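**Student:** What follows is a protein structure lacking sequence information:
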């Protein structure tokens, strides 16, 4: 590809980006993600890149944990569970998760009443029709 006029510089790669991506997709399919990471680190140590993680990897990522994007919370039924932490920090008003992780459907009525504008009769009808728990 380095000699191909369609990809010789940034402008030509931009003009032919669909072909470039299709070729690279086929090449990247020949090895696993971790194999490509090793190859890129060895052959192009100055190149900046990051792997696309699986959800299970994100939940254990040291930087995610250090920034408290995901935090452990004690649940009275399920024990320790992972929850999304606060996305921002306030210097004078620290954020902390204070309650338990909600159970499935635990706040349905409250949300329907306060945000959805439903009446108790309408909520009762939804329950009878098994639309909500």
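**Tutor:** On my side now, so go ahead. Only a predicted model underlies this, so the values are computations on that prediction, with no experimental measurement involved. Numbers count the residues shown, from 1 in each chain.

**Student:** contacts and neighbour counts: CA atoms only from here.
**Tutor:** Will do.

**Student:** in the protein, which spans are helices?
**Tutor:** 10-15, 17-28, 33-43, 55-58, 62-66, 108-114, 120-128 (DSSP state H).

**Student:** Give me the mean pLDDT for the third one.
**Tutor:** Mean pLDDT, helix 33-43: 95.

**Student:** now stretch 69-86
**Tutor:** Averaged across stretch 69-86, pLDDT comes to 87.

**Student:** List the buried residues of it.
**Tutor:** If you call a residue buried by 16 or more other CA atoms under 10 Å, then stretch 69-86 has these buried ones: 69, 70, 71, 72, 73, 83, 85.

**Student:** Now do the same contact list for residue 3.
**Tutor:** Under the criterion of CA atoms under 8 Å, 6 or more residues apart in numbering, residue 3 has no contact partners.

**Student:** That one and residue 9: what is the separation?
**Tutor:** In this structure, residue 3 lies at 10 Å from residue 9, with CA to CA, to the nearest Å as the measure.

**Student:** And the pLDDT at the residue nearest the centre of the chain?
**Tutor:** With the centre of the chain defined as its mean C-alpha position, the nearest residue by CA atoms, centre = their mean is residue 55, 6.6 Å away. At residue 55, the pLDDT value in this model is 89.

**Student:** Which of the helices of the chain sits closest to residue 99?
**Tutor:** Of all these, the one in closest proximity to residue 99, counting by CA to CA, is helix 108-114 (16.3 Å).
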